[in-house]
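# Give the three-dimensional model of this entry:
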Amino acid sequence: MVVFERGQKIVFIGDSITDAGRRTDPLGNGVGYFNLVRSFLIGRYPELGLDIVNRGIGGNTVRHLKERWQDDVIAENPDWLSVKIGINDVWRTFGANAHEAVPIDEFEATYRELLTEAVEKTGTRLIIAEPYVIEPDTSDPFRAKMDQYGQVVRKIAADFGAINVRTQEAFDVALQSTTPADWAEDKIHPNTPGHAIIAIAFLRELGFDL
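Below you'll find the model as predicted:
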């Protein structure tokens, strides 16, 4: 049974994977996993009258979330909050903007601070998705570092009693019979089938029932 109740508001916040063009979409939904999850929930459970809102912004790290947490989370007063963050916190380490990478200790401390504030001020329940890279080689430096951050996120989800969406595991299953290029050109930003993998992982954890 789906976890949501009639009239609830669900806010999704994160980086470009959640954003997926929503800021140029007149409807504010974008074309990524958020839009798929939203569409399937509303289509399957119209009687619930769910209000599902996208607050993803491309390029964000936990530092950016902290800057906009009051406006995009607390002020929204959600019944449920979905957070999917961490990719840029890691990715910046391997590019020209390494100074923008977020060390793992700061990442965890900031993440916990934000969730604590959201729960205390709004009473929201939490959905926490792990970061990922579409790379099957776990010895790859980018993948190895992402896995470290993913384990931190998994522990945070457990500590907060949150629904935990394991997106890396979802891609790993798909990669048993495919290549990274089947899902994304850069191993990060999914094509539509790649977003569908994320959406299915969400729907399974949310108790979606066909």
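# Read off the pLDDT value for His99.
Here the pLDDT value assigned to His99 is 85.
# Report the secondary structure state of it.
Three states are possible here, and by DSSP: H, G, I helix; E, B strand; the rest coil the one that applies to His99 is helix.
# give me every residue that touches it.
When contacts are counted by Cβ atoms under 8 Å, 6 or more residues apart in numbering, His99 touches Arg92. Any C-beta I mention is one placed from the backbone N, CA and C, and that applies to glycine too.
# show me where the chain has helices.
16-19, 33-44, 62-72, 87-91, 104-122, 141-159, 167-174, 192-205 (DSSP state H).
# contacting residues around the shortest one?
Looking back up the chat, that one is helix 16-19. Residues outside helix 16-19 that contact it (Cβ under 8 Å, 6+ apart): 12, 30, 32-34, 54-60, 84, 87-88, 188-190, 195, 198.
# Of all the helices of the chain, which one is nearest Glu130?
Between Glu130 and the helices of the chain, the tightest spacing by Cβ to Cβ is seen for helix 141-159, at 4.4 Å.
# ok and the closest one relative to helix 104-122, angle-wise?
Here the directions of helix 141-159 and helix 104-122 differ by 30 degrees (axes from the mean of the first three to the mean of the last three Cα atoms, to 10 degrees).
# Can you name the residues in contact with helix 141-159?
Residues outside helix 141-159 that contact it (Cβ under 8 Å, 6+ apart): 86-87, 89-91, 93-94, 104, 107-108, 111-112, 115, 126, 128-133, 135, 137-138, 162-164, 166, 168, 187.
# Only the buried residues of it, if you could.
Residues 142-143, 145-147, 149-150, 152-154, 156-157 are the ones in helix 141-159 that count as buried (16 or more other Cβ atoms under 10 Å).
# returning to that earlier point: mind checking which of the contacts of helix 141-159 are buried?
When the contacts of helix 141-159 are checked for burial by 16+ other Cβ under 10 Å, the buried set is 86-87, 89-91, 93, 104, 107-108, 111-112, 115, 126, 128-133, 135, 162-164, 166, 168, 187.
# Same list, the helices of the chain, but as TSV with mean pLDDT and distance to Asp25 please.
TSV is the format used below for the helices of the chain (pLDDT from 0 to 100; distance: least, Cβ to Cβ, whole Å):
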stretch	mean pLDDT	distance to Asp25
helix 16-19	98	10
helix 33-44	98	8
helix 62-72	98	16
helix 87-91	96	21
helix 104-122	98	25
helix 141-159	98	27
helix 167-174	98	22
helix 192-205	98	14
